[in-house]
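1. all I have is the shape, not the residue letters:
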């Protein structure tokens, strides 16, 4: 093939295949450019950058919704056959139902997040352009994380999401705690990125490719042929180093040490972003990498057995992280006196619950140990995690929104400052109670449905005999940690209802009949609705899990 034909094919593929499937990310990129122009051009400075950012995000979310609806096999386009999958930009990215679903979560989060920051007052008028450029740039990287199909794109996407997050953590200028939070986050993030990049180099050097499907094919052939001990060690070490980068983004133990300090030092608005969007992208990437260990169709028994060993290794690594993360996250929240710090440990614990579903999906996936039944169960496990992410968006964004709005009236983010709020702001207390009970995972709220589906995926793995001892441990640890979490969540609720208010409190009430109250109501309502009427969201989540079957 000569250069002219190659360039013609490249241009045709880019214009006709890749760019039409890249519209949400393109909208975010164009919006970032427009925001920078608004900052540079004298006349454009009169525009509120929040409106420009919100308009661009609305377009991105609309395209993400249209993509999800139009894909073959979606709840709106039911077809028979395998899951839709299309590689973009020469195989660097992949477009499928899972990509479309996660992109909708991320852009939908922005649609809710930008009005929230406008109402809470952070950022201010002078800093809002910088804030929104960093915000949209980070979410663009997170969208790429969900669709990455090449390990170099994995690294670029993770760094594109991480670097703006470091700056957002220190966005409160003049505050020592915010500067310290940003410095810790950046230093730890740089270390995790270096380790992950070295792991990528090991995997690429041994397998001769960084394209994920090609790597799976070569790995299956290598393991089937009986690789030497040194090669196997290099593969295991590379996988562990890659897991370090994912664990850092997930704030999984033992790479969680940055999370409580960063959440406490940064603004509550930034904590909401790191808790929801960053977590969704990291979980999506973990699923993409773990469930990508699939043998090519028509593989012989030796190849299937080799890939089964690789999946078992990945499932045990993520399962061990899940056990540690759930337990330390819940126990670490017990002694916290700052609400943001307590929610940071809550975020760590929920990362552990999500990783239980990821481990179950990896153990069940492929054509190995569990056969056709396991493939369908793997789809259910991915669907459970995807549903959890959709519910988690509303739960945690609502929690941080209430903390930010109460900060504006109470001038404090300490848990003790919430004493007796039922007397002055009963609607906010009810909303906070719904969110906290849902975070525990009690019926009939959406948090219960999400956690039940994740635990059911582990139980299904036990039934099918896929990594049965590991899944029994994960199910037991998840159940015990749900009980542990009752104490610190209900402690906050009891303080708001039963404790007398401080004698020196002069704060104004925060009624639900107001713009901030309407925002809180809009975030809390789905937590109630999806607990009972969850069929629509679960249908979308199950479509997203189709790539694992």
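-> Perfect, thanks for sending it. Because the structure is a prediction, the values reported are computed rather than measured. Residues are numbered from 1 along each chain as shown.
2. show me the shaky parts of the stretch 251-400 of the chain.
-> Residue ranges of the stretch 251-400 of the chain with pLDDT under 70: 293-306, 366-375.
3. list the buried residues in the helix or strand containing residue 439.
-> Here residue 439 sits within helix 426-440, counting by DSSP states H and E. Judged by neighbour count (16 or more other Cβ atoms under 10 Å), helix 426-440 contains these buried residues: 427-440. Just so you know, the C-beta spots here come from the backbone N, C-alpha and C atoms, and that holds for glycine as well.
4. nearest to residue 153 among the residues you listed?
-> residue 439 (33.3 Å; Cβ to Cβ).
5. please look at that closest one and residue 486 and confirm they touch.
-> No - counting by Cβ atoms under 8 Å, residue 439 does not reach residue 486; the two are 10.5 Å apart.
6. other SSEs contacting whichever helix or strand comes after the helix holding residue 439?
-> Downstream of helix 426-440, the next assigned helix or strand under DSSP H and E is helix 446-464. Under the contact criterion of 3 or more Cβ pairs under 8 Å, 6 or more residues apart in numbering; DSSP states H and E, helix 446-464 touches helix 339-364, helix 371-410, helix 426-440, helix 468-498, helix 515-532.
7. what does whichever strand or helix holds residue 38 contact?
-> Using DSSP H and E, residue 38 falls within helix 23-40. Residues from elsewhere that reach helix 23-40 (Cβ atoms under 8 Å, 6 or more residues apart in numbering): 19, 44-45, 47, 49, 52-53, 55-57, 59-61, 63-64, 67, 103, 107, 129-130, 132-133, 136-137, 139-140, 143-144.
8. next, residue 513: secondary structure please.
-> Of the three states, residue 513 takes coil under DSSP: H, G, I helix; E, B strand; the rest coil.
9. which residues does it contact?
-> Contacts of residue 513 (Cβ under 8 Å, 6+ apart): none.
10. cool, residue 60 as well?
-> Applying Cβ under 8 Å, 6+ apart, we find residue 60 in contact with 23, 24, 25, 27, 28, 31, 107, 110.
11. roughly how far does the closest residue to residue 125 other than its chain neighbours sit from residue 54?
-> The spatially closest residue to residue 125, leaving aside those adjacent along the chain, is residue 48, at 7.9 Å (Cβ to Cβ, 6 or more residues apart in numbering). Using Cβ to Cβ, to the nearest Å, one gets 9 Å for the distance from residue 48 to residue 54.
12. so between those two, which is more surrounded?
-> residue 54 (18 against 13; other Cβ atoms under 10 Å).
13. about what we covered before: would CSV of the contacts of residue 60 with neighbour count, distance to residue 451 and pLDDT be doable?
-> Converted to CSV, the contacts of residue 60 look like this (neighbours: other Cβ atoms under 10 Å; distance: Cβ to Cβ, whole Å; pLDDT from 0 to 100):
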residue, neighbour count, distance to residue 451, pLDDT
23, 17, 34, 93
24, 27, 29, 95
25, 23, 31, 95
27, 23, 33, 95
28, 27, 31, 95
31, 26, 35, 95
107, 26, 25, 96
110, 24, 26, 96
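14. any idea which of those is closest to residue 457?
-> Distances from residue 457 to the contacts of residue 60, taken by Cβ to Cβ, are shortest for residue 107, at 26.4 Å.
15. low-confidence stretches in this structure?
-> In the chain, residues with pLDDT under 70: 1, 43-46, 79-82, 227-229, 293-306, 366-375, 506-507, 548-549.
16. can you give me the helices in the stretch 201-350 of the chain?
-> Applying DSSP state H, counting those that start in this stretch to the stretch 201-350 of the chain gives helices spanning 212-224, 229-250, 258-265, 268-273, 279-290, 301-332, 339-364.
17. residues making contact with the shortest one?
-> Outside helix 268-273, the residues within contact range by Cβ under 8 Å, 6+ apart are 113, 116-117, 120, 122, 135, 138, 165, 168-169, 171, 262-263, 340, 343-344, 396-397, 400-401, 403-404, 407, 413.
18. write a PyMOL command that selects only the buried members of those residues.
-> Here is the PyMOL command that selects the buried residues among the contacts of helix 268-273 (16+ other Cβ under 10 Å):
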select buried, resi 113+116+117+120+122+135+138+165+168+169+171+262+263+340+343+344+396+397+400+401+403+404+407+413
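19. returning to that earlier point: the residue nearest to residue 125 against residue 128, yeah?
-> Yes - using Cβ under 8 Å, residue 48 makes contact with residue 128 at a distance of 7.2 Å.
20. so which of the contacts of helix 23-40 belong to helices?
-> Secondary structure from DSSP state H places 49, 52-53, 55-57, 59-61, 63-64, 67, 103, 107, 129-130, 132-133, 136-137, 139-140, 143-144 of these in helices.
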